[in-house]
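# My questions concern the predicted model and sequence given below.
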Amino acid sequence: TETMLQASTVRGLRLTNVLRSTQFFISPLHFRKLSSDAPDEEEGSRAHSLAEAARNAGKVKVLDLTQSSDLTCMNLMCEKVGDPCICRLSRVLERTPNVQELSLAKNRLSQLPDAVWTLKELRSLNLSGNSLQDLSPQIALLTKLRHLNLAGNSGLQLPPTLPECLEDIVWEE
């Protein structure tokens, strides 16, 4: 089946609504692969694990945790062992205030830690391929957020207020 896209404007921002999709979708508009290398990057500004982010806390600008085993509960005493877990993610995000790009794609997350909404420098947030049902109204606190990818979160409801600076949203109804 072919992917059908509909682009429209809602409250002044460009919205790409994926009507039908049989495979993972990334908007061609502004999203780029977070793991691509840029020549002028400061050492430690990219992290691909929670440990790496914690080691370089203040320097991390890009945190790519796409399909990360770091977001799976490994605590044998926890009832969520083997399931998605945001406990460690929350602690690391609290220590990495300069993150500008965050990808939590393909992690089966059903909720996000409140620490996400404290990332004042965040410009791009990729939450695609998870199990989110709603998005916190606290997203409005992200005053620099330009790009938001919510594709693959079946039944996700958007909050009534979104950051005014948003340029693109990708999501499925």
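It's in. Numbers count the residues shown, from 1 in each chain.
# can you pull out the helices in the protein?
If DSSP state H is used as the criterion, the helices of the chain fall at 50-55, 87-95.
# and Leu150, which of those is closest to it?
helix 87-95 (17.7 Å; C-beta to C-beta). The C-beta positions use only the backbone N, C-alpha and C, and glycine is treated the same way.
# before we move on, the earlier item: now mean pLDDT, distance to Gln67 and mean neighbour count too, for the helices of the chain, in JSON lines please.
Shown next, in JSON lines, are those (pLDDT from 0 to 100; distance: least, C-beta to C-beta, whole Å; neighbours: other C-beta atoms under 10 Å):
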{"stretch": "helix 50-55", "mean pLDDT": "96", "distance to Gln67": "14", "mean neighbour count": "17"}
{"stretch": "helix 87-95", "mean pLDDT": "94", "distance to Gln67": "14", "mean neighbour count": "17"}
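# possible to save the ones you listed as CSV with distance to Leu135?
Output for the helices of the chain, formatted as CSV (distance: least, C-beta to C-beta, whole Å):
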stretch, distance to Leu135
helix 50-55, 22
helix 87-95, 16
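# Compare the ones you listed and give me the one nearest Cys78.
helix 87-95 (8.6 Å).
# Identify whichever of the helices of the chain lies nearest to Asp64.
helix 50-55 (9.8 Å).
# shaky segments in this structure?
In the predicted model of the chain, residues 1-41, 173 satisfy pLDDT under 70.
# can you give me the strands for it?
For the chain, the strands defined by DSSP state E occupy 4-10, 13-20, 46-47, 62-64, 101-103, 124-126, 147-149, 168-172.
# Can you tell me the closest non-neighbouring residue to Ala140?
What sits nearest to Ala140 in space, not counting adjacent residues and going by C-beta to C-beta, 6 or more residues apart in numbering, is Thr161, at 4.6 Å.
# The one you found: neighbouring residues, count only.
Residues lying near Thr161 (other C-beta atoms under 10 Å) number 11.
# For Asp70, see how far away the most far-flung residue of the chain relative to its centre is.
What lies farthest from the middle of the chain is Met77; by C-alpha atoms, centre = their mean that is 28.2 Å. Met77 is 19 Å from Asp70, where distance means C-beta to C-beta, to the nearest Å.
# Noted, bye for now.
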